[in-house]
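1. let me see the structure of the following:
(chains A and B)
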There are 2 protein chains.
Amino acid sequence: MKINDSLFQKLREIVGKSNCSREKEDLACYAYDAAAQVCLPDAVLFPKDAEEISAILKLADAENFPVIPRGAGSGMSGGSVPVRGGAVLVMTRPNRILEIDRNNLIAHAEPGVVTGHFHKAVENEGLFYPPDPASSEFSTLGGNMAECAGGPRAVKYGVTRDYVLGLEVVLPGGDIIHTGVQTAKGVVGYDLTRLLIGSEGTLGVITKMTLRLLPLPESVKTVTAFFDRMETAAETVSEIIRRRIIPRTVEYMDNASIRCAENYLKIGLPTEADALLLIEADGTEAETASAVREIEEICLSQGAMRVEAAKTKADAAKLWKARKAISPALFQYAPDKINEDIVVPRSRIPDMVRKIRALKSESGLFVASFGHAGDGNIHVSVMLDKKNRAELRKAEAVIDELFDYTLELGGTISGEHGIGVTKSPYISKEIGEVELNLMRKIKAVFDPRGILNPGKIFPK
Amino acid sequence: MKINDSLFQKLREIVGKSNCSREKEDLACYAYDAAAQVCLPDAVLFPKDAEEISAILKLADAENFPVIPRGAGSGMSGGSVPVRGGAVLVMTRPNRILEIDRNNLIAHAEPGVVTGHFHKAVENEGLFYPPDPASSEFSTLGGNMAECAGGPRAVKYGVTRDYVLGLEVVLPGGDIIHTGVQTAKGVVGYDLTRLLIGSEGTLGVITKMTLRLLPLPESVKTVTAFFDRMETAAETVSEIIRRRIIPRTVEYMDNASIRCAENYLKIGLPTEADALLLIEADGTEAETASAVREIEEICLSQGAMRVEAAKTKADAAKLWKARKAISPALFQYAPDKINEDIVVPRSRIPDMVRKIRALKSESGLFVASFGHAGDGNIHVSVMLDKKNRAELRKAEAVIDELFDYTLELGGTISGEHGIGVTKSPYISKEIGEVELNLMRKIKAVFDPRGILNPGKIFPK
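-> Below is the predicted model:
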């Protein structure tokens, strides 16, 4: 149901007058995420802790209105968009790093901590939290948990799920539960922790987390390789893995991405290159030096036009700035973007890169591809004007064919962005009906009345 | 219900005459695991593939008899014991390594593959599958998945769950499902893969798996340090972690374990030492050499009596033989063993070691402690004669106090053995009623009639 005056009054009593709103301008601010679908909520709430969230969810369960948890709203698949109205639960207030435990290499944190702040805080202690979505300067740990965020370093270090030991979670009925452990190992009962990670805010609201940390690598070195054929770059990625070298990142940018970033930043990227690889090795000084030599040698022997090792941290930072700028900078070409994050087996990257080239030339649309080639995770951005119906139909056909080919190669339609609303029409391409029904029943176990983030993941 | 003649006839038609039995001597062979509880099944089946298992589970679901999947029966918590009779599903026939894919660093395998064979096969390709339970010479990959097996290398490399990308699973109703991905990343739908890992054969029968591999480290070096006080050894473990060194193993043996292994193997272990640490570093030649120097220095500065680097692979193998012999060798002291695998935060290992010493002297029982100190996972073995009621009561009191103290330190009652039947009376010490009820409901989603491995995990 709609949040009427009496319900809003009750919500206001829970979170306090200054932590809720029904003003149009506030609703508009929390009506969209990075997938750019817009749906106004009925109310916006800024709860401070698990107790308040529990009270909100109890009320929602009793009165049957949707509650949509949201971190920084940087999600790429509409996961935090209130598609059926209801109350958006903005999780940015509980934003303390509760403890960084150097003796046990763990940290306790609240969901509103910005991931990039967390990186800096643990690095100040000589420790390392590898998951680094491109949004890390603004996305939150809670959002990262909900989507199982990845990022460039996943090729060596894995994704968010690999760094979560335990959670505090509020269930739709208002129960506050604790999952997992605070220790390096633990196998007591079913793995509720990993069931919640990547569940896109549909099973519970994460209110605290225990994260696993690593020692900070002593040295990081960056190599850039430019190629005159994107296929050669793709083959080089496969060859690096075949040679059993696992750099900490192997990022790929096609010509469209290079031009887009250069046009936006003017930092001297060679816009004539058909593709670029941005490769980082980490470890001890000696290790990174030897890895860099080997990577340079492979790139050259595979046919790179030019290979450069970043001389200073500032040089490397400039390259990363270019890489991270692509996604926002693409809007210089068209008002709308359809952004997918397919993954293929690493050896099939050359096939995928050829397919993307073909789709681009067939459709005539501006298509940029870039991303985490080291783990086969390619971001394909199709630029268009959604108001132009013909363009939209073409773009949808491109996505359809892209997903089919991804699955044909043994891949998956989402490596790190999740399903949300934008990919839910496609989920049945990958997940069978029996498996989807299991997931629906698990959803019903956690949320029998369907109040938490409804309209996500599952196809209509 | 019991498996009567007519049901057994139907089962025989599914698996073939030579792949099932009701003979007493066969039933006796599959009535126990390493937890040494004995319950006779009604029948033993040796299915060859998912289709046969599907037919068996359909029949079981319709006729309501228990089915208990079982690998090599080396589980430590009674997970494969047919406590309510029914058909034991011996999963050793589907035992092929289907593919080792060097280009993508993955492998596809069937559940009956012996873990140690799998290690050798991937190592022959220059690849590495880190999970290495002490039982790896006989335990199977399927059993390892079901229990989320750990082992010594978990301190650096994590546990089984960290190396499983996807599964083929037969559900109790007979449906054959596929979970997860074949790629490095994937976030499409709920994480059924990790929900199944560690579910102790209560949610589905794993019939195929896609595993993640790493490049094989170039070099492994082993250091042994002897201590005259177990507390000093425990403090040394904490100090290594505090110094942000992550060896690939940090194994601990107390004096009882050292004497036990020496008595069994006669390999010249110093039985006067109060404790021993067995530490391995891996990486490039240069890295391991430098790690070994640093580890030796820490051990000595913390007060080790003696520190030795293994000179040859044979020396190192001898030490590992001693470590792996402890568990079986303990039976020289008493006919029965209660073996727990608690985990505490690494910095609390010294507290735990003191507690174990106190429990030992208070109870007068033979208690050996050893295990994966690097991740806080200590195996505590209480030796006794279970027929002696007074001893049994004392042992149970020791376990009770051990678990309480473990949880007080922020630990967990099982790091890698699972709950099975032996720890189910204790699970409520760690898992709250709300969380347990969620797990019960998840069980009911997968197995509404409760035919799959009943009587496990959940307290009566």
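2. per-residue confidence averaged over stretch A:409-418?
-> In this model, stretch A:409-418 carries a mean pLDDT of 97.
3. right, I mislabeled it, should have said stretch A:95-106
-> Per-residue scores along stretch A:95-106 average to 96.
4. so which residues of the stretch 351-460 of chain A form strands?
-> Using DSSP state E, counting those that start in this stretch, the strands of the stretch 351-460 of chain A run over A:366-372, A:377-384.
5. ok, and what's touching the shortest one?
-> Read that as strand A:366-372. Strand A:366-372 is contacted by residues A:150-152, A:154-155, A:249-254, A:256-257, A:260, A:323, A:326, A:330, A:333-334, A:341, A:353, A:356, A:359-360, A:377-384, A:398, A:415, B:185 when judged by Cβ atoms under 8 Å, 6 or more residues apart in numbering or on different chains. C-beta: built from backbone N, CA, C; applies to glycine.
6. got the buried residues for the helix or strand of chain A with the lowest mean pLDDT?
-> Least confident helix or strand, chain A: helix A:313-329 with a mean of 88, by mean pLDDT, DSSP states H and E. Buried residues in helix A:313-329, counted by 16 or more other Cβ atoms under 10 Å in any protein chain shown: A:316, A:318, A:319, A:320, A:322, A:323, A:324, A:325, A:326, A:327, A:329.
7. can you name the element that comes right after it?
-> strand A:336-343 (DSSP states H and E).
8. what's the single longest helix in chain A?
-> Among the segments of chain A that qualify as a helix by DSSP state H, the longest is helix A:389-408.
9. off-centre distance for that helix?
-> Relative to the centre of its chain, helix A:389-408 is centred 21 Å away, using Cα atoms, centre = their mean, to the nearest Å.
10. repeat that for stretch A:256-269.
-> Per Cα atoms, centre = their mean, the centroid offset for stretch A:256-269 relative to its chain is 23 Å.
11. residues making contact with it?
-> By Cβ under 8 Å, 6+ apart, the list of residues contacting stretch A:256-269 reads A:253, A:270-271, A:273, A:275-276, A:318, A:321-323, A:325-326, A:329-330, A:332-333, A:366-370.
12. flag every buried residue along it.
-> By neighbour count with 16+ other Cβ under 10 Å, stretch A:256-269 contains the buried residues A:256, A:257, A:258, A:259, A:260, A:261, A:262, A:264, A:269.
13. and what of stretch A:2-22?
-> Within stretch A:2-22, judged by 16+ other Cβ under 10 Å, the buried ones are A:3, A:7, A:8, A:11, A:12, A:14, A:15, A:19, A:20, A:21, A:22.
14. now render these as CSV, adding secondary structure.
-> Compiled in CSV, the buried residues of stretch A:2-22 are given as follows (DSSP: H, G, I helix; E, B strand; the rest coil):
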residue, secondary structure
A:3, coil
A:7, helix
A:8, helix
A:11, helix
A:12, helix
A:14, helix
A:15, helix
A:19, helix
A:20, strand
A:21, strand
A:22, coil
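15. which one of those is nearest to residue A:233?
-> Set against residue A:233, the nearest of these by Cβ to Cβ is residue A:21 (48.4 Å).
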